[in-house]
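[1] one predicted model, sequence on top.
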Amino acid sequence: MEEILTVYKASKYCNVSPKTIINWIEAG
């Protein structure tokens, strides 16, 4: 659950959607 919160914070900070960040993480 903690990484989801981090993704959310990062999405707000970088002004991108959480889905985009999840794609980045999955892409490695």
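    Received it, and whenever you're ready, just let me know what you need. Quick caveat, the model's predicted, so the values are computed rather than measured.
[2] quick one: least confident helix or strand in the protein?
    Sorting the helices and strands of the chain by mean pLDDT, DSSP states H and E puts helix 2-14 at the bottom, at a mean of 82.
[3] helices or strands up against it?
    Here helix 2-14 touches helix 18-27, going by 3 or more Cβ pairs under 8 Å, 6 or more residues apart in numbering; DSSP states H and E. Heads up, the C-betas are built off the backbone N, CA and C, glycines and all.
[4] hmm, back to that, between the least confident helix or strand of the chain and helix 18-27, how big is the angle?
    For helix 2-14 against helix 18-27, the angle by axes from the mean of the first three to the mean of the last three Cα atoms, to 10 degrees is 120 degrees.
[5] now helix 2-14: buried residues?
    7, 10, 11 (16 or more other Cβ atoms under 10 Å).
[6] mind listing residues that contact it?
    Residues from elsewhere that reach helix 2-14 (Cβ atoms under 8 Å, 6 or more residues apart in numbering): 17, 18, 20, 21, 22, 25.
[7] let's see it at 6 Å
    Residues from elsewhere that reach helix 2-14 (Cβ atoms under 6 Å, 6 or more residues apart in numbering): 18, 21.
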